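In: Sequence first, then the predicted structure:
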Amino acid sequence: MSNKVPLTLREAMSRVRQPPLVTGISPNEGASWTKVTIRGENLGTGHADLIGLSICGHNCLLTAEWMSASKIVCRVGPAKDDKGQIIVSTKSGGPGTSTVSFKVLKPDKIGILDQSAVWVDEMNYYDMRTDRNKGISPLSLRPANPLGIDIDKGKVPQKDIEGMFPGMSGDFTSENFSATCYLIENHSSTSFDQLRTAAGTLKRQATQKNEGSLAYVKGGLSTFFEAQDALSAIHQKLESDGTEKVEGSMTQRLENILNQASDTADTLFKEVLGRKDRADSTRNALNVLQRFKFLFNLPLNIERNIHKGEYDVVINDYEKAKSLFGNTEVPVFKKVYAEVETRIGALRSLLLGKLLETPSTLHDQKRYIRYLSDLHASGDPAWQCISAQHQWILQLMQNTRDQQGEARTVVSRLNLRRGSGFQTPRDDSWPGGGPRQLQFVERLTDVVISQLPNFWKLWISYVNGSLFSETGEKSGQVEKSKKNARQRQSDFKRMIEEVVTRLVLLLRGCLLPTSLPEAQLRLYGGWDNTPPLIGTHLTQAIHTIRLCHEALSALEIPNDLLQVIQDLLLELRVHCLLTTLQHTAEDVKRLAEKEDWIVDNEGLTSLPAQFEQCMVQMLQSLKEPLDCKPSEVNILQLEAIQDQASELFVRIMKVFISCLEELSTKTDGDLETSHISSDLGSPDLFSNTYEDFKPTPEQRLLIILSNCHYLGKHTFLNLAQHLDTHGFTGTDKILHVSMEAVRELDSGVFESYIEMKADPIVGSLEPGIYAGYFDWKDCLSPTGVRSYLKEALVNIITVHAEVFSISKDLVPRVLSRIIEAVAEEMSRLMQCVSSFSKNGALQARLEICSLSDAISVYLTSESCGSFKQALESLPQLHSGADKKLLEELLNKFKSSMHLQLSCFQLASTHPVKR
């Protein structure tokens with residue numbers, strides 16, 4: 001994983017930001033500690049960005065107050081130069097330039113008794129007696145640079161210096177001053193030539209000091225001698241005139257006068273000097289407050305900025321105060337700094353509380369972690385945040401399940417209160433619509449998709465250290481973060497595994513409760529009173545879980561942690577397939593209730609089309625579960641699943657065939673009143689349409705036969721093609737078993753219909769033949785075909801009309817079979833006659849030939865053989881007159897029955913050859 005992080009906005013701006021430029025200062029002159037306002041361009045982006053400010057060579061950063069990028073307020077310090085530039089330095093722009101200058105006014109050096117209209121800063125007052133500058137305020141007294149070269153601090157740590165020189169100090173004002181410490185602290189990088197120059201500077205300063213004292217003495221010698229000469233002259237004059245003897249010692253008197261003058265002066269100026277001392281104390285205190293007001297105002301500023309939420313300002317001020325006063329020994333500073341630490345401790349607790357609050361955005365989490373890191377909070381705030389987020393996600397998932405349980409309880413109570421007047425929706429849905437299980441799946445996956453990505457990104461930021469710095473700064477904290485992340489990698493992996501496992505267990509308890517042990521089912525189930533999902537809802541659940549898996553995979557979470565979701569998806573896809581097939585079998589079973597017995601041109605009802613449509617819709621609904629996403633298994637390639645699916649498909653086919661069989665065996669009382677209609681292209685005399693008509697059992701059998709014929713020729717073949725298209729295996733087996741079942745049904749229904757129609761016709765032949773005590777041995781000469789045969793033909797024509805009205809394709813098959821039965825019966829009856837007379841033989845031959853000629857289009861090999869056997873059992877005709885009479889009678893019969901027999905000539909299909 002790369003450690004490169006994107007540049008922050010600050011870095012990006014720093015590359016193009018111009019250096020600071022000072023264009024104005026107000027006032028442009030003044031004494032030391034004068035408050036000035038600096039104006040210009042690019043003066044920094046904030047307090048933390050300002051790193052340097054000098055006026056006339058003096059560092060004024062301590063008193064600087066950054067107001068905006070064009071304004072800074074500060075106080076002028078005791079500058080070295082009388083006039084100089086104003087230089088501002090920032091992190092973003094570096095050292096700047098100035099187009100204006102500031103003039104430092106030196107205060108007039110007056111005596112301590114001289115009157116002044118204003119208070120005079122006596123930090124460096126002028127001693128009239130020694131003509132030297134003396135510092136009064138130890139706080140304001142700063143040792144000058146004795147070496148006269150640039151000071152270079154910070155190269156050697158202070159702790160190392162204290163270790164090498166215990167008890168020593170490099171401060172001029174300290175009693176334990178050590179020149180070696182001073183050189184190491186201030187000139188560790190100074191070259192030897194510069195130190196040699198500095199040594200020469202020290203010698204010149206010492207020489208000038210000595211020469212100044214001698215010059216002072218030399219310049220006053222003449223005055224001293226003149227004074228001594230004057231005093232000696234006065235003394236001699238007093239002695240010569242005797243005045244001293246008379247009036248006392250002149251010297252003593254002069255001494256007394258001087259003492260009196262001194263006492264008078266003390267009396268006169270005692271009040272003034274007291275006021276001066278008090279003023280000095282006040283000025284010193286104000287000077288301390290002014291110079292260190294940053295520290296004294298810091299506790300209040302911290303409270304204000306915390307209230308405003310400006311935590312960056314608080315942290316910058318705290319770092320500044322810590323660097324300046326963290327190791328102070330001044331009691332008042334220690335007291336104020338302790339108060340600052342108390343406020344910062346409260347801020348740490350506040351930020352930690354905000355960090356652990358949920359819900360929270362990733363941006364806020366990173367911000368609070370950086371704040372706590374900058375404040376040197378104890379422990380590992382980043383890991384505490386990760387742990388809190390982990391528990392929050394688990395709690396959200398549990399809350400989702402608990403809310404589902406409460407919803408089920410409310411619905412159950414409503415059912416109990418309303419009783420039979422309140423009917424629960426069939427899909428047992430939420431108030432918002434849709435099954436409860438499906439909405440639970442959507443809500444649960446929404447929780448994971450919305451929370452886990454931020455949780456994972458927080459961990460990644462923790463690993464690469466970007467929680468603490470995105471710019472490469474704070475390398476120490478970054479390395480510490482990386483080290484902690486390496487140590488806690490296994491712990492975080494367990495967190496992700498726990499979240500994913502909890503997700504899968506809750507989903508299993510909802511969608512696949514039988515896959516959980518009893519103990520886990522009590523924890524993650526609770527759907528006992530909810531109807532199981534049907535195939536379409538399971539498909540939607542699979543789609544939702546797949547989206548969740550794709551979202552988690554996009555985070556580059558290791559595949560081994562997401563494998564449990566893949567396993568769940570595999571079981572759900574198999575469960576959806578089998579459940580859909582089972583529900584389809586139930587739907588197909590109910591198709592019998594939708595049979596309206598309305599036939600089309602092909603003699604079909606809507607039942608085969610409804611069955612095919614039901615199957616096609618079922619296959620289309622399985623497209624989502626059967627599709628293989630990356631890293632998923634094709635369930636149709638699993639042998640066990642193939643076998644179960646094939647068995648269910650065979651079961652569906654058999655269920656539909658059973659529906660047809662059930663419809664074929666229903667009685668009139670079991671059937672609802674229906675309308676049978678025929679939509680023929682060319683209406684026939686016998687294709688009558690009866691409205692408001694109940695289908696007779698014979699008509700139902702014909703409709704079932706027509707539907708069975710269509711199933712075998714079209715529907716099953718189409719379904720086999722659909723199964724192949726969707727990737728199902730074992731189609732040949734399914735098709736074979738289905739064809740066998742429909743053939744078996746077709747055969748049974750056909751035999752039933754033939755039995756219903758052929759038996760009455762065949763049964764009427766023998767009574768008709770022997771009606772009126774007819775005897776083949778003693779009968780009159782034939783005059784035409786007898787009535788029994790015409791009645792049999794009319795019955796056959798009736799069957800033809802009935803079959804043709806349903807399906808003309810069934811006519812050859814049905815009539816051929818009926819004629820076979822009639823021919824076989826005629827053959828049996830002829831063979832049973834012991835002997836024929838001449839007229840009897842002629843009568844029998846006329847009837848057999850008339851019958852065979854009338855239905856010749858539907859004769860089969862079996863029926864032809866039966867008619868042949870019947871004719872062979874008759875005596876042969878030898879007389880030409882008999883043959884001529886037979887032919888005349890046949891023509892007469894055909895002429896008289898021409899209209900009735902014309903239906904047999906309209907058949908568009910050939911008889912079935914057996």
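Out: Received, thanks.
In: Count the residues that sit near the nearest residue to residue 758 once chain neighbours are set aside.
Out: Leaving aside its sequence neighbours, residue 758 sits nearest to residue 821 (CB to CB, 6 or more residues apart in numbering; 4.2 Å). Just so you know, the C-beta spots here come from the backbone N, C-alpha and C atoms, and that holds for glycine as well. The criterion is other CB atoms under 10 Å. On that basis, residue 821 has 20 neighbouring residues.
In: Check residue 510 too.
Out: When neighbours are defined as other CB under 10 Å, residue 510 has 23 of them.
In: circling back to that earlier point, residues in contact with the residue nearest to residue 758?
Out: 754, 758, 761, 762 (CB atoms under 8 Å, 6 or more residues apart in numbering).
In: any chance of these in a markdown table, plus neighbour count and distance to residue 521?
Out: What follows is the contacts of residue 821, written out as a markdown table (neighbours: other CB atoms under 10 Å; distance: CB to CB, whole Å):
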| residue | neighbour count | distance to residue 521 |
| --- | --- | --- |
| 754 | 18 | 59 |
| 758 | 22 | 63 |
| 761 | 21 | 68 |
| 762 | 19 | 68 |
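In: with those in mind, which one is nearest to residue 39?
Out: residue 754 (117.2 Å; CB to CB).
In: Name the residues of stretch 302-322 that come out as buried.
Out: Within stretch 302-322, the residues that qualify as buried are 302, 305-306, 311-318, 320-321, counting by 16 or more other CB atoms under 10 Å.
In: which two of those lie the greatest distance from each other?
Out: 306 and 320 (16.6 Å).
In: And residue 529, how far from residue 329?
Out: 77 Å (CB to CB, to the nearest Å).
In: quick one, which of these two is more surrounded?
Out: residue 529 (10 against 6).
In: Make sure I have this right: the more buried one is in a strand.
Out: No. Residue state for residue 529 (DSSP: H, G, I helix; E, B strand; the rest coil) corresponds to coil; a strand is not indicated.
In: Could you check how far it is from residue 507?
Out: Residue 529 sits at a distance of 19 Å from residue 507 (criterion: CB to CB).
In: related to what we said a few turns ago, let's see which of the contacts of residue 821 end up in helices.
Out: Among the contacts of residue 821, the subset assigned to helices under DSSP state H consists of 754, 758, 761, 762.
In: what's the longest helix seen in the chain packed up against?
Out: The longest helix of the chain (DSSP H) is helix 192-241. The contact analysis (3 or more CB pairs under 8 Å, 6 or more residues apart in numbering; DSSP states H and E) places helix 192-241 against helix 243-247, helix 250-291.
In: Make JSON lines out of those and add distance to residue 447.
Out: Below are the helices and strands packed on helix 192-241 laid out as JSON lines (distance: least, CB to CB, whole Å):
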{"stretch": "helix 243-247", "distance to residue 447": "117"}
{"stretch": "helix 250-291", "distance to residue 447": "57"}
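In: ok, back up a step: the residue nearest to residue 758 and residue 302, how far apart?
Out: Distance from residue 821 to residue 302, by CB to CB: 114 Å.
In: Could you tell me whether residue 631 really is in a strand?
Out: No. If the criterion is three-state DSSP, then residue 631 is coil and not within a strand.
In: in what helix or strand does the residue lying closest to it once chain neighbours are set aside lie?
Out: Sequence neighbours aside, residue 566 is the residue nearest to residue 631 in space, at 6.5 Å (criterion: CB to CB, 6+ apart). In the assignment (DSSP states H and E), residue 566 maps to helix 559-589.
In: how distant is that helix from the center of its chain?
Out: On the basis of CA atoms, centre = their mean, to the nearest Å, helix 559-589 is displaced by 24 Å from the centre of the chain it belongs to.
In: Restricting to C-alpha, output the next helix or strand after that helix in CSV.
Out: Note on helix 559-589: by DSSP H and E, the next helix or strand toward the C-terminus is helix 607-621. C-alpha atoms of helix 607-621 as CSV (Å, rounded to 0.1, in the frame of the first residue of the first chain):
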residue,chain,number,x,y,z
LEU,A,607,-55.3,-24.2,-21.2
PRO,A,608,-52.1,-25.2,-23.1
ALA,A,609,-51.3,-21.6,-23.8
GLN,A,610,-51.8,-20.7,-20.2
PHE,A,611,-49.6,-23.6,-19.1
GLU,A,612,-46.8,-22.5,-21.5
GLN,A,613,-47.1,-18.9,-20.5
CYS,A,614,-46.9,-19.9,-16.8
MET,A,615,-43.7,-21.9,-17.5
VAL,A,616,-42.1,-19.1,-19.6
GLN,A,617,-42.8,-16.5,-16.9
MET,A,618,-41.4,-18.9,-14.3
LEU,A,619,-38.1,-19.3,-16.3
GLN,A,620,-37.9,-15.5,-16.8
SER,A,621,-38.3,-14.9,-13.1
